[in-house]
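Enquirer: all I have is the shape, not the residue letters:
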Ligand code: PEP
C-alpha cells in the first residue's frame, strides 16, 4: 500500500529559534495524532536542517532539504550536495519546486542531474511538477506535466521508483490562495498514475505516492485528500503555523 504523506515546505522562513519552536509545537500536536499510514515531513532551510534532525529524532517527523546541487563536491560556491545532506542524516530532498524553476533557472536537464545524484546517495526525492496558468488556459496542462515527468524521471529503472514521491503543484495555485478543484487535482493525479503504468508497470503506478500542492489549508484539505489518487499534500504557507499544519495532517 502506498503511503500518505503530508510535507511542509518552509521555504526561506524561520530562523533557528523559530524552527525550534515550530517543531516543538508540531511534536506536541503529533503525540495525540492518529497517523496510521501517514508520514509527516518538514523541509526547513539548509541552515536549520541539523537542529531539526536532532529535535525530531524521537518524533514521527522526517526532515527533508528543499534543494541540493547535482555535483558531489567542488567549486560551486554556496551550494550543498547530496552527500553533505546524508552526512547529517537528511535522507529526503525536494526537487523541481516551481520557485527553483522560475527564480533559479532550474531546467529539466538540471533536475535530471540532481535526481540522479540524489539517488546515487540513496536519498528519497519529492519531485514537484505542474503547469503554469498559460498552459492550462491553452489546454496544454496534460502535455506539460507529462513532459516534465518524462524528461526528468522516465530514464530511471523501475527499482528507483521506491525512492520517488511526486508532488503535483499547479504553478497558478502556489501561494496565490487559489486551489485546484478536487476534480482538477484528481484528473491530473490519475493521468500521472496512468503514464507511470504505461512506462513501467501497474505495481510502480500503484506504489507511487502523488501529493497535491497549491494553497492547501485546513479548510480545503479534506476534500482534496478525499480523491483516490491524491496521497497527501505538499504544504507551503499553511505549514508555517503548527495548528494549521496539524489540522491538514488530521484531514488525511
Ligand atoms: C509550495 O510552495 O509547495 C506550496 C504548495 O505553497 P502554498 O501551500 O503556500 O501554496
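Expert: Here it is on my side, so go on. Predicted, not measured: the structure shown is a model, and the values here were computed from it.
Enquirer: can you tell me the number of residues neighbouring residue 210?
Expert: If you count neighbours by other CB atoms under 10 Å, residue 210 ends up with 23. Placement of C-beta: from N, CA and C, glycine included.
Enquirer: mind listing what it touches?
Expert: 165-168, 189, 192-193, 229-231 (CB atoms under 8 Å, 6 or more residues apart in numbering).
Enquirer: which of those fall within strands?
Expert: Using DSSP state E, the members of the contacts of residue 210 that fall within strands are 165-168.
Enquirer: what sits closest to the closest residue to the ligand within the stretch 151-252 of the chain if chain neighbours are left out?
Expert: Proximity to the ligand, evaluated over the stretch 151-252 of the chain using CB to the nearest ligand atom, is greatest for residue 236 at 2.1 Å. The shortest distance from residue 236 to any non-neighbouring residue, by CB to CB, 6 or more residues apart in numbering, is to residue 9 (5.3 Å).
Enquirer: quick check: that neighbour vs the ligand, distance?
Expert: Here residue 9 is placed at a distance of 4 Å from the ligand (CB to the nearest ligand atom, to the nearest Å).
Enquirer: in which helix or strand does the closest residue to residue 129 other than its chain neighbours reside?
Expert: Of all residues not flanking residue 129 in the chain, residue 148 sits nearest, at 4.1 Å (CB to CB, 6+ apart). Assigned by DSSP states H and E, residue 148 belongs to helix 141-153.
Enquirer: packing partners for that helix?
Expert: helix 108-120, strand 124-129, strand 164-168, helix 182-199 (3 or more CB pairs under 8 Å, 6 or more residues apart in numbering; DSSP states H and E).
Enquirer: and among those, the most buried is which?
Expert: Compared across these, strand 164-168 shows the largest average neighbour count, a mean of 25 (mean count of other CB atoms under 10 Å).
Enquirer: contacting residues around it?
Expert: Under the criterion CB under 8 Å, 6+ apart, residues 5, 7, 94, 124-130, 145, 149, 153, 156, 185, 188-189, 192, 208-213, 234 lie in contact with strand 164-168.
Enquirer: so what's residue 250 scoring on pLDDT?
Expert: Note on residue 250: pLDDT of 96.
Enquirer: run through the residues that contact it.
Expert: By CB under 8 Å, 6+ apart, the neighbours of residue 250 are residue 33.
Enquirer: from the ligand, how far out is residue 5?
Expert: Distance, residue 5 to the ligand, using CB to the nearest ligand atom: 13 Å.
Enquirer: can you classify that residue as helix, strand or coil?
Expert: Of the three states, residue 5 takes strand under DSSP: H, G, I helix; E, B strand; the rest coil.
Enquirer: for it, what are its contacts?
Expert: Per CB under 8 Å, 6+ apart, neighbours of residue 5: 38-41, 165, 209, 211, 231-233.
Enquirer: and what of residue 211?
Expert: Applying CB under 8 Å, 6+ apart, we find residue 211 in contact with 5, 7, 126, 165-168, 230-234.
Enquirer: now residue 228, nearest residue through space, not along the chain?
Expert: The shortest distance from residue 228 to any non-neighbouring residue, by CB to CB, 6+ apart, is to residue 186 (7.2 Å).
Enquirer: how about residue 223?
Expert: Sequence neighbours aside, residue 182 is the residue nearest to residue 223 in space, at 4.9 Å (criterion: CB to CB, 6+ apart).
Enquirer: surely the one you found touches residue 224?
Expert: Yes - Residue 182 is within contact range of residue 224, at 5.4 Å (criterion: CB atoms under 8 Å).
Enquirer: which neighbours do these two share?
Expert: Both residue 182 and residue 224 are contacted by residue 230, under the criterion CB under 8 Å, 6+ apart.
Enquirer: get me the contact residues on the stretch 51-200 of the chain for the ligand.
Expert: Within the stretch 51-200 of the chain, the residues that sit near the ligand (CB under 6 Å from any ligand atom) are 169, 174-175.
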